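Novice: Just the structure for this:
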Amino acid sequence: MASSGPFPLEIIERIVYYLTHDWVGPDRKPPTPGIFKTWNRIAGGARYATVDRAWQHAVERETFAELHLNLRRLTDAEAILIGVPRRRMYVRTIHLDVVLSCLSPKRSHTETAEQRQRNYDTLQDTVEVCLSTLNHWTHRPPVKLCLDAFMPMKDGYHAESPPSSALPHSVKYRWMLELQDLERVLRYGPVNAVNEIDMQRNMQVGRPISGAAVCTLLARLPAARKVDINWWWDASDHDHSNKRRAFAQALGKVTHAIDTFHIAGMYPEEAFGVISQRLQHLYLYGLVVDDSIFLQYNSPPEMMSSPAHWARLETFDLNYLPITPFNEWLFHPDLRNLDGESEPTIADPVLQRWYLAAARAALEMPLLRNMRIIAEMSHYSGWHKFWYHRDAKNKVVKAIWTSNSGFMPENEVLAAWQDVARKHMDGTELVVEILQDKWAV
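Specialist: Alright, predicted model coming up:
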């Protein structure tokens, strides 16, 4: 064993940690006064590896813990990690960077057909090489995979999008990135090294990647138990139906159990009803849905051919947009307002059916602790929220409806939720609260 010199190994590891980390601003540049900053790894740490063998191991532990790999670096990384197997054991996070071609300086706000095709090819190649590389990884701690897409900058980091001054909002993300051959990706062997896939950064500043592409990649990551997908598209894009259909088909290829599934964007709700039966926690944001998200439970029990069952589901959070898939508004202005304009905060009667379908589905969710159904009404001052909460420890089951419009669930809805409480809490009576408190849920 290599000597650690005058310091214990634990002290060397702490010293190396502080030498390789600092407060940094956006794009990991030195922060200026008053700007947002984060504690993160900085460049230049490799030079401390020359002190001695103990320092080398400590530096490698920090250096290889978080890797940024693009199409070019994937091959290099594989050679480096295979050459020294212990380095692979240090890897905790892989940022899979899809590096896109730069836009033309003369037409900075426009992506040509040739550039778009080149970027599609880059996504396809990056995903395939990633799967081919990680397929060989065995006997390692689990790895978090962060998916990001961007254009390079002169300083060597990346630009998430062209400058806003040169890029009209309506064409900012005119085309999302697509895989050109989904079936070819599915033919790759499974990668068991990845236990989490994340797109949080890509949601904030990256180029959108289609939901079908992400779910196709997820289908080859059978050990991924935590999934965070963000897929927003431009409202001017009229190809929604094809994208939704492709997404539903790709999601159907994901057959392994998942603990936590968080997804944001406008998606086909039926696909989530199916995959939710294999989940522990499901978080859906920004969806355009109807009661079919609860599968057959929008029908009376006697009409259901094969009732669905959610054996593992503990959390179901749905934040939906106030419109149906048929472009019908779910909330309407208060016609009793004689002062003129009124915000659309009065719930359409169809929401009664939603809550009834949700209750019927909850009867088949034996472990359910929380179900939240919340309307996304950020553009208005109103609110409309529902929360079912089961506290097994204190033997309390609550159902809360809160709105600024005085919404009242119908008796049939209340009776259905009462049945849920009695079934899953040994006959415990449901506590119902009807509120006008925006922060109650």
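Novice: ok, H384 - contacts?
Specialist: 331, 345, 347, 351, 374-375, 377, 402-405, 407 (CB atoms under 8 Å, 6 or more residues apart in numbering). Quick note: C-beta positions are derived from backbone N, CA and C, even for glycine.
Novice: Can I get those in CSV including distance to R245?
Specialist: CSV is the format used below for the contacts of H384 (distance: CB to CB, whole Å):
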residue, distance to R245
F331, 28
T345, 33
A347, 30
L351, 27
I374, 27
A375, 26
M377, 29
T402, 36
S403, 34
N404, 37
S405, 35
F407, 34
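Novice: Wait, a helix at G382?
Specialist: No. Checked against DSSP: H, G, I helix; E, B strand; the rest coil, G382 lies outside a helix; its state is coil.
Novice: List phi and psi for it.
Specialist: Phi and psi for G382, reported as degrees, to the nearest 10, are phi -80, psi 170.
Novice: same thing with H57?
Specialist: Dihedral angles (degrees, to the nearest 10) for H57: phi -60, psi -40.
Novice: cool, the one 3 residues further on as well?
Specialist: Recorded main-chain torsions at E60 are phi -60, psi -30, according to degrees, to the nearest 10.
Novice: Return the distance of it relative to T255.
Specialist: Separation of E60 from T255 (CB to CB, to the nearest Å): 37 Å.
Novice: out of the two, which sits in the busier spot?
Specialist: E60 (19 against 9; other CB atoms under 10 Å).
Novice: The more buried one against R87, yeah?
Specialist: Yes. E60 lies in contact with R87 (CB atoms under 8 Å); the separation is 5.7 Å.
Novice: Name the nearest residue to H68, ignoring sequence neighbours.
Specialist: The spatially closest residue to H68, leaving aside those adjacent along the chain, is H95, at 4.5 Å (CB to CB, 6 or more residues apart in numbering).
Novice: what about the one you found, is that helix, strand or coil?
Specialist: strand.
Novice: Which residues are in contact with it?
Specialist: H95 neighbours (CB under 8 Å, 6+ apart): 66-69, 146, 148.
Novice: Where does pLDDT dip in the stretch 1-150 of the chain?
Specialist: Within the stretch 1-150 of the chain, the ranges that satisfy pLDDT under 70 run 1-5, 25-37, 103-110, 139.
Novice: need the helices for it, in chain order.
Specialist: 9-19, 53-63, 71-83, 85-90, 113-134 (DSSP state H, counting those that start in this stretch).
Novice: And the ones you listed: which comes nearest F326?
Specialist: helix 113-134 (31.3 Å; CB to CB).
Novice: contact partners of that closest one?
Specialist: Under CB under 8 Å, 6+ apart, the answer for helix 113-134 is 69-71, 74-75, 77-78, 94, 96-101, 103-104, 111, 143, 149, 175, 177-181, 184-185, 188-189, 191, 193-194, 207, 209, 213, 217, 220.
Novice: Only the buried residues of it, if you could.
Specialist: 115-116, 119-120, 122-124, 126-131, 133-134 (16 or more other CB atoms under 10 Å).
Novice: Alpha carbons only: can I get that helix in CSV?
Specialist: This file holds the C-alpha atoms of helix 113-134, laid out as CSV (Å, rounded to 0.1, in the frame of the first residue of the first chain):
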residue,chain,number,x,y,z
ALA,A,113,-32.4,21.6,-42.8
GLU,A,114,-28.8,20.4,-43.1
GLN,A,115,-27.9,21.5,-39.6
ARG,A,116,-31.0,19.9,-38.2
GLN,A,117,-30.2,16.6,-39.8
ARG,A,118,-26.6,16.8,-38.6
ASN,A,119,-27.9,17.4,-35.1
TYR,A,120,-30.3,14.5,-35.3
ASP,A,121,-27.4,12.3,-36.4
THR,A,122,-25.3,13.6,-33.5
LEU,A,123,-28.0,12.6,-31.0
GLN,A,124,-28.3,9.1,-32.6
ASP,A,125,-24.6,8.5,-32.6
THR,A,126,-24.1,9.8,-29.1
VAL,A,127,-26.8,7.6,-27.7
GLU,A,128,-25.6,4.5,-29.5
VAL,A,129,-21.9,5.0,-28.5
CYS,A,130,-23.0,5.6,-24.9
LEU,A,131,-24.9,2.3,-24.8
SER,A,132,-22.1,0.5,-26.5
THR,A,133,-19.6,1.9,-24.1
LEU,A,134,-21.5,1.5,-20.8
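Novice: separation between K395 and A362?
Specialist: 18 Å.
Novice: Looking only at neighbour counts, state which of these two leads.
Specialist: Between K395 and A362, counted using other CB under 10 Å, A362 has the larger neighbour count: 26 against 10.
Novice: can you tell me how far the residue nearest to that one when sequence neighbours are not counted sits from E410?
Specialist: In space, and not counting its chain neighbours, A362 is closest to V420: 4.6 Å by CB to CB, 6+ apart. Applying CB to CB, the value for V420 to E410 is 16 Å.
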